[in-house]
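Q: With the sequence up front, the predicted model follows.
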Amino acid sequence: MTMSELKREQVEEMSAVELAYRVLKEKGEPVHYKDLFSKIAQVKEIETDQLDDRRAKLFTDLNIGGSFVHLGANHWGLKAWYPVDQSEEDLSRTIQAPTQNTESEDNTEGTDDDLEDIEDELDALANEDDAESNENNEFDGFDSDEDVENEEAEDDEG
């Protein structure tokens, strides 16, 4: 019996996990979680204010349920579709998220170099500031030539 053939009473009695199993079995291929949940929410007529709670509960139930397998990139399938000797790690790599093209990777490397250059410049400026402050500290307690002249002028007046 397909999802569309189910009566309203049957749908109300079924859990979201049971419906997820039926959806996946009917499709016969992995389904993105968003699409899976949308189909279940539509069939069960879940109210808008309950969607977030139900979405989280279904996700947890799929993870716990022994009939389902996460295939990567948020796609879910039935364990029965895959050989027993395939581990869950192998299955999680079945569907990969789209990767960035190599041009962006090259640009990223250039960005890293630019950041390192900026970092080096900031270090050099900080070292210059440290050197200047150390130079000023070395002469603390010593009068400058101007101070000495002012003191001599005061002594001459007095």
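A: Perfect, I can see it now. Numbers count the residues shown, from 1 in each chain.
Q: just for this protein, where's the confidence low?
A: Confidence mapping of the chain against pLDDT under 70 gives the ranges 1, 85-110, 132-158.
Q: repeat that for 80
A: Scanning the chain for pLDDT under 80 picks out 1-5, 83-113, 128-158.
Q: how about the strands of this structure, start to end?
A: With DSSP state E as the criterion, the chain has strands at 31-32, 68-70, 75-78.
Q: got JSON lines for these, with mean neighbour count too?
A: Where you see a C-beta, it was placed from the backbone N, CA and C, and this is true even at glycine. JSON lines is the format used below for the strands of the chain (neighbours: other CB atoms under 10 Å):
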{"stretch": "strand 31-32", "mean neighbour count": "18"}
{"stretch": "strand 68-70", "mean neighbour count": "20"}
{"stretch": "strand 75-78", "mean neighbour count": "20"}
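Q: can those strands go into TSV with extra columns for distance to residue 43?
A: Below are the strands of the chain laid out as TSV (distance: least, CB to CB, whole Å):
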stretch	distance to residue 43
strand 31-32	14
strand 68-70	18
strand 75-78	16
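Q: Which of these sits closest to residue 40?
A: Closest approach to residue 40 among those is made by strand 31-32 (10.6 Å; CB to CB).
Q: Domains in this structure, by residue range?
A: With domains defined by automatic domain parsing, the chain comprises 3-92, 102-157.
Q: if we can go back for a sec, so which of the strands of the chain is nearest residue 44?
A: The minimum distance between residue 44 and those falls on strand 31-32, with 16.3 Å, by CB to CB.
Q: neighbouring strands for that closest one, and are they parallel or not?
A: strand 75-78 (antiparallel) (DSSP bridges).
Q: List of residues touching the partner strand?
A: Residues outside strand 75-78 that contact it (CB atoms under 8 Å, 6 or more residues apart in numbering): 20-21, 24-25, 29-33, 36, 62, 67-71, 91, 94-95.
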